[in-house]
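[1] Predicted model and sequence follow; I will ask about them next.
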Amino acid sequence: MGYNLSYGKLPDDRLSQDNSTSPNSTAGFLGNSTHNEFTTIVLPVLYLIIFLASILLNGLAVWIFFHIRNKTSFIFYLKNIVVADLLMTLTFPFKIIQDSQLGPWHFNSFLCRYTTVLFYANMYTTIVFLGLISIDRYLKVVKPFGDSRMYSITFTKILSACVWVVMAFLALPNLILTNGYPTKRNIDDCLKLKSPLGVQWHMAVIYINTCLFVVVLIVLIGCYIAISRYIYKSSKQFISSSSRKRKHNQSIRVVVAVFFTCFLPYHLCRIPFTFSHLDKILDDSAHKILYYCKEMTLFLSACNVCLDPIIYFFMCRSFSRRLFRKSNMRTRSESIRSLQSVRRSEVRIYHEYTDV
């Protein structure tokens with residue numbers, strides 16, 4: 001779905017061509033070595049770090065949200081993001097195996113058909129739910145007495161189900177139509193593993209996802225500006241109420257910061273990278289630079305699975321309370337255990353003294 005993890009990967013034959021045309025063979029060798037180290041060492045280590053961090057953070061988030069009822073639409077949207085983040089996290093081990101070249105040469109066909117589709121489907125699912133959260137914050141702050149159906153948990157569940165259905169509809173054809181026979185000549189380019197209809201659907205989904213991103217970006221900025229203006233106006237009249245609403249403004253600021261940090265660089269980088277492959281207008285060195293940019297911005301997008309728990313903590317009061325309650329219970333139990341051990345020691349010393 002969207003843009004392939006492996007699409008744009010520079011194959012070894014292109015690297016060898018770079019070396020043969022270079023006036024300095026040593027410089028070409030160093031460039032090849034740098035590329036291999038970046039792909040086979042740096043990227044796998046980075047993805048391993050966020051994989052472990054995501055399992056820890058989102059596992060804790062699942063445990064906490066499991067004990068929180070769906071009282072508001074906001075909490076339900078957050079639970080959907082947790083699911084999307086966990087599904088996205090499951091793709092990281094396959095990315096690590098592919099980049100570190102630990103799997104067989106035909107492993108990339110599995111990556112193109114399943115892992116990539118799951119990665120991008122859940123990335124854009126998260127983007128859509130971040131947009132819905134910003135709209136929810138806007139309605140709660142600026143229009144708290146609007147249509148009650150918009151705030152009902154039933155409406156939220158239906159809307160969330162529609163998001164998952166639409167994303168599945170966009171993703172499944174990419175999975176089904178990646179049905180080409182893998183060879184060593186086409187294994188590094190996911191588009192070559194697709195049927196002609198699959199290529200057309202792939203490009204259509206790229207444009208649809210880009211439009212989704214732009215729409216959510218506009219919605220985020222618009223909601224943030226509207227909430228800020230409303231709070232500024234209300235602060236002149238109702239100081240007590242504006243302090244509570246100012247917290248909503250700070251919370252949506254966290255959403256905007258995470259969104260800009262994780263997703264904006266990748267989508268800015270993807271525009272020239274995509275068209276450079278479609279039109280073949282750039283030389284190999286430019287392709288290499290764009291490849292590094294694409295991989296690093298893609299890594300930033302993947303880091304979203306570790307930054308979303310920050311949103312849960314700052315924006316969801318029930319989540320932070322449950323987290324503090326869990327940590328306090330652990331501290332209290334440790335204190336009780338230490339106190340019990342001290343008392344046992346005192347009793348043992350007393351008996352030893354009386355025996356004497």
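    It's in.

[2] Was I right to think L290 contacts I271?
    No: using Cβ atoms under 8 Å, L290 and I271 do not qualify as a contacting pair, with a distance of 10.3 Å. From N, CA and C alone the C-beta is placed, and that goes for glycine too.

[3] Please say which of these two ends up with more neighbours.
    The neighbour count for L290 versus I271, taken as other Cβ atoms under 10 Å, is higher for L290 (20 against 10).

[4] just to confirm, which helix or strand has that one in it?
    Counting by DSSP states H and E, the secondary-structure element that holds L290 is helix 284-302.

[5] Spit out the contact partners of L130.
    With contacts taken as Cβ atoms under 8 Å, 6 or more residues apart in numbering, L130 has the following neighbours: I81, V216, L220, V255, V258, F259.

[6] could you dump those residues to a markdown table with neighbour count and pLDDT?
    As requested, these are arranged in a markdown table below (neighbours: other Cβ atoms under 10 Å; pLDDT from 0 to 100):
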| residue | neighbour count | pLDDT |
| --- | --- | --- |
| I81 | 26 | 96 |
| V216 | 21 | 96 |
| L220 | 21 | 94 |
| V255 | 22 | 87 |
| V258 | 18 | 91 |
| F259 | 23 | 93 |
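
[7] now, the most widely separated pair of these?
    Between all members of these, the longest pairwise span (Cβ to Cβ) is found for I81 and L220 and amounts to 14.5 Å.

[8] which stretches of the chain form strands?
    Under the criterion DSSP state E, the chain carries no strands.

[9] OK, contacts around the residue nearest in space to the middle of it?
    The centroid of the chain falls nearest to N304 when counting by Cα atoms, centre = their mean (3.5 Å). N304 is in contact with D85, M123, T126, V258, C262, F263, counting by Cβ under 8 Å, 6+ apart.

[10] Restricted to helices, list the residues you listed.
    In helices, judged by DSSP state H, the following of these are found: D85, M123, T126, V258, C262.

[11] Surely the fourth one is in contact with I311?
    Read that as V258. Yes: using Cβ under 8 Å, V258 is in contact with I311, at 6.2 Å.

[12] returning to what we had before: and the two most separated of the ones in helices among the contacts of N304?
    Farthest pair in the ones in helices among the contacts of N304 (Cβ to Cβ) is M123 and V258. Separation: 13.0 Å.

[13] The closest residue to L177 other than its chain neighbours and N122: what is the separation?
    Excluding its sequence neighbours, the residue lying closest to L177 (Cβ to Cβ, 6 or more residues apart in numbering) is G198, at 2.9 Å. Remark: distance between G198 and N122 (Cβ to Cβ, to the nearest Å) = 20 Å.

[14] Which of the two has more residues huddled nearby?
    More neighbours sit around N122 than around the other of G198 and N122, counting by other Cβ under 10 Å; the figures are 25 against 20.

[15] Could you check how far that one is from I221?
    In this structure, N122 and I221 are separated by 24 Å, where distance is defined by Cβ to Cβ.

[16] how much space is there between the residue nearest to T178 when sequence neighbours are not counted and Y291?
    Spatial nearest neighbour of T178, excluding adjacent residues (Cβ to Cβ, 6+ apart): R113 at 4.3 Å. Using Cβ to Cβ, we find R113 at a distance of 22 Å from Y291.

[17] Could you chop this protein up by domain?
    12-315, 316-356 (automatic domain parsing).

[18] Need the winner for burial among those domains.
    domain 12-315 (a mean of 17; mean count of other Cβ atoms under 10 Å).

[19] who's in contact with V256?
    Contacts here follow Cβ under 8 Å, 6+ apart; on that basis V256 touches S134, L220, I221, Y224.

[20] oh, I was asking about F38
    Under the criterion of Cβ under 8 Å, 6+ apart, the contact list for F38 reads Y292, E295.

[21] Let's see that with 10 Å instead.
    Applying Cβ atoms under 10 Å, 6 or more residues apart in numbering, we find F38 in contact with D99, Y291, Y292, E295, M296.

[22] pLDDT weak spots in the stretch 201-350 of the chain?
    Residues of the stretch 201-350 of the chain meeting the criterion pLDDT under 70: 236-250, 273-282, 317, 319-320, 322-350.

[23] could you dump the ones in helices among the contacts of N304 to a markdown table with distance to A286?
    As requested, the ones in helices among the contacts of N304 are arranged in a markdown table below (distance: Cβ to Cβ, whole Å):
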| residue | distance to A286 |
| --- | --- |
| D85 | 34 |
| M123 | 26 |
| T126 | 31 |
| V258 | 31 |
| C262 | 25 |
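
[24] Looking at those, spot the one nearest S318.
    Lowest distance from S318 to those (Cβ to Cβ) belongs to D85, with 18.4 Å.

[25] In contact with that closest one, which residues?
    So, once contact is read as Cβ under 10 Å, 6+ apart, D85 ends up touching 54, 57-58, 61-62, 122-123, 125-126, 304-309.
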